[in-house]
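Participant: my questions concern the predicted model and sequence given below.
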Amino acid sequence: MAIMKIHLIGIGGIGVSALAQYYLSKGHEVSGSDLVASEITDFLKEKGTRVFTGNFAKNIEKDLDLVVYSPAVKPNNPELKKAKQLGIKIQSYPEALGDLTKEFYTIAVSGAHGKSTTTAMLGLVLAAAGLDPTVIVGTKVKEFGGSNFREGKSKILVVEACEYDSSFLHYSPKIIVVTNIDKEHLDYFKTFANVKKAFEKFIAKLPKDGHLVKDITLDNPDAKKIKSILKVPGKHNVSNALAVLQVARILMVPDAITFKALSEFTGTWRRFEIVKQSKITVISDYGHHPNEIKATLQAAREKFKKKTIWCVFQPHQHQRTHYLFNDFVKVFREAPINKIIITDIYDVAGRETKTISRGVSSKKLVEKINKESVVYCATKDVEKYVKENMSSADVLIIMGAGDIYHLTEKF
C-alpha cells in the first residue's frame, strides 16, 4: 500500500482523531488542525502527527493526497476552500470511515445512548477471544492505552456509528447493533419520526447474510448473571453488555470468555468515571440527554445507597434544551439524588440557531422545575458554590458533554 499524505480538519474531535490514528498505524504521513489545542491534539502530536492550532489556508500543502474534514467544519473553512482550489481529494469523516468499513468485516454499534460503552465492551471481548479487532470508538478507553482507537491485525472492525447528520448511512456493516432509539439530535432530524426513518435506512444496508442486534431486553436469563459480574453500575450497562453478548455469540465466542472480559471492564472516559474517591467521591459523566441523565442518576443512587449525592449539570446546546425542555424538567423533578446545580448552557460552534437560542436558558429550566433541591449557578461560580456547600463524605457527579468536566480537576 502506497504511503499517503493525509490532512484532517477538526482533528481534535473524538471521531476524527481515531481515524487519524488508524492512518498513522498504516504508516501514512498525517497532519491536522483544530481551532484549539487539547489533550487529544497533544496525544496525537506524541504519536507523530503534525498538528496546527487554527484553520488557515497555509496548512494545506499541494502534495496532499487526501483531506478529511469533521462534520462540524463549514463550507467556508479556509483549509477546505484551499483543498478544493488545489484539486485535492476531499472526504467528510463519515465518507472516509465509510470507505474503511468496506475493507473490513465491520460491526457498527448505533443507537441514541450507550454506543461508546457498548463499542468499548465489544472491542475488549473480541480482543480477549483472540479475534484482534480494530476499534474506533467515541471515547477514551484505558485498555486501549487511554485512546479512542485500537489497532488490530484481523479483518474485524468495530465502529461507533453515529446517527447525527445521517453519518452512519455511509457505512457498510455486516453486523449492526441498535442499543436504542430516542428523541436525539432534533436540531438535525426535527422530528422523532425522522430519527426512526434514518435507523430504518441504516438497517436496510445490511447484506442478506448480515446480522441485526436490537430490542435488547433485561427480562432474559443472561441479564441476572451479567448484572452480578459487571463493575459498571446501572440497568443501561446491563443492556449494553447483553448486546455485546449477542454479537459475541454470532461470532462464535464462548460465553466464558465473554463473561470474563465483561467482568473486567471498568468503564470508559466520562461514562460514570470515578475520577477521585477519597473524602469526596467525584464522578465525571458525559450524559446530556434526559434519558442518559435519568440512567446515570439512578445508577448513582443504586451504587451509593445512603450517601448524599450532588450533581452539577451543564446543558449541551440551546437547541437540545429547547426541543427536550419538558423531558429535562421531568427528569430533574424526579431525580433520586439530593442536590442538582444547573449551570449555563454550553454552545456548540456551528450547531445553534439564534431564534431558538433566544427562547431558552438554564434559569428558565430551573424555574420550571420549581424544586428546592434544584438550583441555577453561573458556570464561573460553580466551583465556589460546591466547595462552600458540600460535605466531605458526599458524592459529586459532574455531568455534561461540554467543558464542565474540567471542574473535576478542582477537587
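Facilitator: Looks like it arrived, so ask away.
Participant: from here on, contacts and neighbour counts on C-alpha atoms
Facilitator: OK.
Participant: what stretches of the stretch 301-411 of the chain score poorly on pLDDT?
Facilitator: 349-358 (pLDDT under 70).
Participant: let me redo that: the stretch 1-150 of the chain
Facilitator: Using pLDDT under 70, the flagged stretches of the stretch 1-150 of the chain are 1.
Participant: tell me where it has helices.
Facilitator: Counting by DSSP state H, counting those that start in this stretch, one finds helices in the stretch 1-150 of the chain at the ranges 16-25, 39-47, 78-85, 93-102, 115-128.
Participant: what sits up against stretch 195-212?
Facilitator: 163, 166, 168-169, 172-178, 181-184, 189 (CA atoms under 8 Å, 6 or more residues apart in numbering).
Participant: oh sorry, the question was meant for stretch 43-62
Facilitator: 7, 9, 17, 21, 24, 29-37, 41, 77-83, 86, 88.
Participant: just the buried ones from these?
Facilitator: Buried members of the contacts of stretch 43-62, counted by 16 or more other CA atoms under 10 Å: 7, 9, 17, 21, 24, 29-34, 41, 78-80, 82-83, 88.
Participant: who touches the closest residue to Lys89 other than its chain neighbours in this structure?
Facilitator: Spatial nearest neighbour of Lys89, excluding adjacent residues (CA to CA, 6 or more residues apart in numbering): Leu66 at 5.0 Å. Contacts for Leu66 (CA under 8 Å, 6+ apart) come out as 4-7, 88-91.
Participant: again, only this time at 6 Å
Facilitator: Shown in contact with Leu66 (CA atoms under 6 Å, 6 or more residues apart in numbering): 6, 89-90.
Participant: of these, which is the most crowded?
Facilitator: Most neighbours among these, by other CA atoms under 10 Å: Ile6, with 20 neighbours.
Participant: give me the longest helix you can find in the protein.
Facilitator: helix 235-250 (DSSP state H).
Participant: now the angle from that helix to helix 115-128?
Facilitator: Angle, helix 235-250 to helix 115-128, by axes from the mean of the first three to the mean of the last three CA atoms, to 10 degrees: 40 degrees.
Participant: ok, so what distance separates the residue nearest the centre of the chain from Ser110?
Facilitator: The chain has Gly138 as the residue nearest its centroid, 4.4 Å off, counting by CA atoms, centre = their mean. Note on Gly138: its distance to Ser110, by CA to CA, to the nearest Å, is 11 Å.
Participant: give me the distance from the longest helix of the chain to the chain's centre.
Facilitator: 18 Å (CA atoms, centre = their mean, to the nearest Å).
Participant: numbering from 514 from now on, please.
Facilitator: Okay, residue one is now 514; in that scheme the one you just asked about reads as helix 748-763.
Participant: and it, which residues are buried?
Facilitator: Neighbour-count burial for helix 748-763 [16+ other CA under 10 Å]: 748-761.
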